[in-house]
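> for reference, the sequence and a predicted model appear below.
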Amino acid sequence: MPALADRLATRTLELVDIASESGHEAAIREHLLGLVPHALRPVARGDEAYLFVPEPRGDAQLVILAGHYDTVPAQGNLPGRIEDGAVHGLGASDMKGGLAVALELVRDLSDATPGTYDVGLVLFGREELPIEHDPLPALLESAADELERSALAILLEPTDGRVQLGCLGNVVARLTFHGTSGHSARPWLADNAIAKAVEGLAPLLALPTRDADVGGLTFTEVLSVTRLEAGIADNVVPGEAVATVNLRYPPDRSPSDAESLLASLVPEGASLALVGNAPPGRVVSDSPALHALRAAGALELEAKQAWTNVADFSARGIDAVNFGPGHTRYAHRVDELVEVPALVHAYETLRRFLEAPIREDAG
């Protein structure tokens, strides 16, 4: 492979081979902190989140490259390998390939003539856990003064080499169906909560999706049932069944609107308990920095059909987008991979963007 491709693939594999399931990130955290160039100074740190920026240059705006270093649990896909033009292994797509691009880029730029932007770096963990474990809000709050000059934050999430704007909101709730337990040999003396759940969940599973146009992009709202738990023994008719429901909602709804929608769908006799609600991310529409990023790689725009930490940045008034080398179709899969040409494309696009002047008339 050419030098850049080889370097990016090697760095990605190096990161893949450091196990970093959410909640067990110590090893990769320390490894990554040791790779941050000295030209970037640590200005904020939280509980599993870090911000590095260079010394400010006059009125230069700040572009932040951001990535999480945790992964979902392994599925027999560690250690990784480089084979057939791709890096294979846990986290290769989501998002150690993106981390490798960001790290190699800030290391290279630290030895280069400064370009249009100052370039900062955010590294964080616990992204694959529920929203209450998200370390970014506290970090961004503590660094508010440093971030005032931000032009754009780029989350190097898997986007298939496209720019994906905004993100879906994400409500998780427990729906409990109540019955009466009893002996399985005399079920007529019981009231089976599983039967109630099957009947009550059927209309929810049959709900049509809803498309929403936000900023000229199409987001799809969808409700899923992701878990069903019931029963205490093989010979006991269960008196309670609990379903986990997951509502993914577009940026045209507020978090309270999404909760109201979910409450309106609760079947008669069931009870609803919210577990978490991650707000959607704002769609950036009129940003010179975004126009320049698109021009640097002739990049297509799409809606982000998932939740990402773009929402954390946009909630604090910072324009943010998703752009990374990973492949959405391989995220969280046992055969996870990232193609080496995709790593090179992301690196070269970002470097052109960061070193080229903004054209105010672009777009």
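Looks like it arrived, so ask away. All values reported here derive from a predicted model rather than from experimental measurement. Numbers count the residues shown, from 1 in each chain.
> going forward, measure contacts and count neighbours with C-alpha atoms only.
Fine.
> ok, the closest residue to Ala320 other than its chain neighbours - contacts?
With Cα to Cα, 6 or more residues apart in numbering as the measure, Ala153 is the residue that lies nearest to Ala320, at 4.5 Å, once sequence neighbours are left out. When the contact criterion is Cα atoms under 8 Å, 6 or more residues apart in numbering, the partners of Ala153 are Val63, Ile64, Leu65, Ala66, Val310, Phe313, Ile318, Asp319, Ala320, Val321.
> Tyr117 is in contact with the second one, correct?
No: under the contact definition of Cα atoms under 8 Å, Ile64 does not touch Tyr117, with a separation of 9.7 Å.
> which of the contacts of Ala153 fall in helices?
Using DSSP state H, Val310, Phe313 are the members of those that sit in helices.
> what strands line up against the host helix or strand of the residue nearest to Ala320, and which way round?
Ala153 belongs to strand 150-155 when assigned by DSSP states H and E. For strand 150-155, the paired strands and their directions (DSSP bridges) are strand 62-68 (parallel), strand 320-322 (parallel).
> can I get it in CSV, CA atoms only?
Listed next in CSV are the C-alpha coordinates belonging to strand 150-155 (Å, rounded to 0.1, in the frame of the first residue of the first chain):
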residue,chain,number,x,y,z
SER,A,150,-15.7,27.0,17.0
ALA,A,151,-16.7,27.1,13.3
LEU,A,152,-17.5,23.4,13.1
ALA,A,153,-17.3,20.1,15.0
ILE,A,154,-16.9,17.0,12.9
LEU,A,155,-17.8,13.6,14.5
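> before we move on, back to that, out of the strands paired with strand 150-155, nearest to Ala331?
Between Ala331 and the strands paired with strand 150-155, the shortest gap by Cα to Cα is with strand 62-68, which sits at 13.6 Å.
> next SSE downstream of the closest one?
Secondary structure here is assigned by DSSP H and E; on that basis, the next helix or strand after strand 62-68 toward the C-terminus is strand 81-83.
> chain center to that next one, what's the gap?
Averaging C-alpha coordinates over strand 81-83 and over its chain gives two centres that are 25 Å apart (Cα atoms, centre = their mean, to the nearest Å).
> hang on, the earlier thing: now render the contacts of Ala153 as a markdown table, adding neighbour count, distance to Val163 and pLDDT.
A markdown table is the format used below for the contacts of Ala153 (neighbours: other Cα atoms under 10 Å; distance: Cα to Cα, whole Å; pLDDT from 0 to 100):
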| residue | neighbour count | distance to Val163 | pLDDT |
| --- | --- | --- | --- |
| Val63 | 24 | 15 | 97 |
| Ile64 | 24 | 15 | 98 |
| Leu65 | 27 | 14 | 98 |
| Ala66 | 24 | 14 | 98 |
| Val310 | 27 | 12 | 97 |
| Phe313 | 23 | 16 | 97 |
| Ile318 | 20 | 16 | 96 |
| Asp319 | 26 | 13 | 97 |
| Ala320 | 31 | 11 | 97 |
| Val321 | 29 | 7 | 97 |
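> for the chain, which residue occupies the most central location?
Nearest to the geometric centre of the chain sits Thr308, at 3.2 Å (Cα atoms, centre = their mean).
> find the nearest non-adjacent residue to that residue, please.
When the adjacent residues along the chain are set aside, Thr308 lies closest to Cys167, with 6.2 Å between them (Cα to Cα, 6+ apart).
> okay, now the sheet partners of the following helix or strand past the strand holding Ala153, with direction.
Proceeding N to C from strand 150-155, the next assigned helix or strand is strand 163-165, under DSSP H and E. Partner strands and pairing direction for strand 163-165 (DSSP bridges) are strand 301-303 (parallel), strand 320-322 (antiparallel).
> now for the top helix by length along the chain, which elements pack on it?
Taking DSSP H as the criterion, the chain has its longest helix at helix 340-355. With contacts taken as 3 or more Cα pairs under 8 Å, 6 or more residues apart in numbering; DSSP states H and E, helix 340-355 sits against helix 3-16, helix 97-109, helix 288-297.
> quick one, it and strand 62-68 angle?
Relative orientation of helix 340-355 versus strand 62-68 (axes from the mean of the first three to the mean of the last three Cα atoms, to 10 degrees): 150 degrees.
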